[in-house]
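Undergrad: missing the sequence, but the structure's below:
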């Protein structure tokens, strides 16, 4: 797979009650839930890779390593940024960060795998 760089994208979110740890069952405080933060990072990485995909291809999540550093209240705006680090065959590694108006909220890596959509769905259980 030959990728045209730079590969980068962002995804934004204004934290709502539906995005909280309480709502997602990952905690009992009304702040941005880690699972929702991970989803936002995946969204940014998928968007960065999307223009590189051929017809019939998609990318799927493979590995996520995130350190969630700071809580964000309902109403806070966060931006996830994904930047290409390297490709290893069909695996594509992105450095990701999430920031708000005060600075860094989370950082880590997202690995996505480029797959043939039809073949992938045939293998789904």
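TA: That came through fine. For clarity, every value in this text was computed on a predicted model and none was experimentally measured. Numbers count the residues shown, from 1 in each chain.

Undergrad: Could you point out the longest helix of this structure?
TA: Using DSSP state H, we find that the single longest helix of the chain is helix 34-49.

Undergrad: Quick one: mean pLDDT for stretch 39-46?
TA: The pLDDT scores in stretch 39-46 average 98.

Undergrad: Kindly apply the preceding question to stretch 14-22 instead.
TA: 98.

Undergrad: that older thread, who touches the longest helix of the chain?
TA: Helix 34-49 has contacts (C-beta atoms under 8 Å, 6 or more residues apart in numbering) with 7-11, 13, 19-21, 24, 26, 59, 61, 64, 66, 68, 78, 80-84, 92, 94, 96, 98, 105-106, 108, 110, 112, 114. In this view, the C-beta of every residue, glycine as well, is placed from N, C-alpha and C.

Undergrad: Let me see the ranges of the strands in this protein.
TA: Applying DSSP state E to the chain gives strands spanning 8-14, 57-68, 77-88, 91-100, 103-116.

Undergrad: could you redo the ones you listed as a markdown table and give each row mean neighbour count and distance to residue 30?
TA: Output for those, formatted as a markdown table (neighbours: other C-beta atoms under 10 Å; distance: least, C-beta to C-beta, whole Å):
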| stretch | mean neighbour count | distance to residue 30 |
| --- | --- | --- |
| strand 8-14 | 16 | 14 |
| strand 57-68 | 15 | 15 |
| strand 77-88 | 18 | 15 |
| strand 91-100 | 20 | 16 |
| strand 103-116 | 18 | 16 |
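
Undergrad: Export the ones you listed as TSV, with columns for distance to residue 44.
TA: As requested, the strands of the chain are arranged in TSV below (distance: least, C-beta to C-beta, whole Å):
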stretch	distance to residue 44
strand 8-14	4
strand 57-68	12
strand 77-88	4
strand 91-100	6
strand 103-116	8
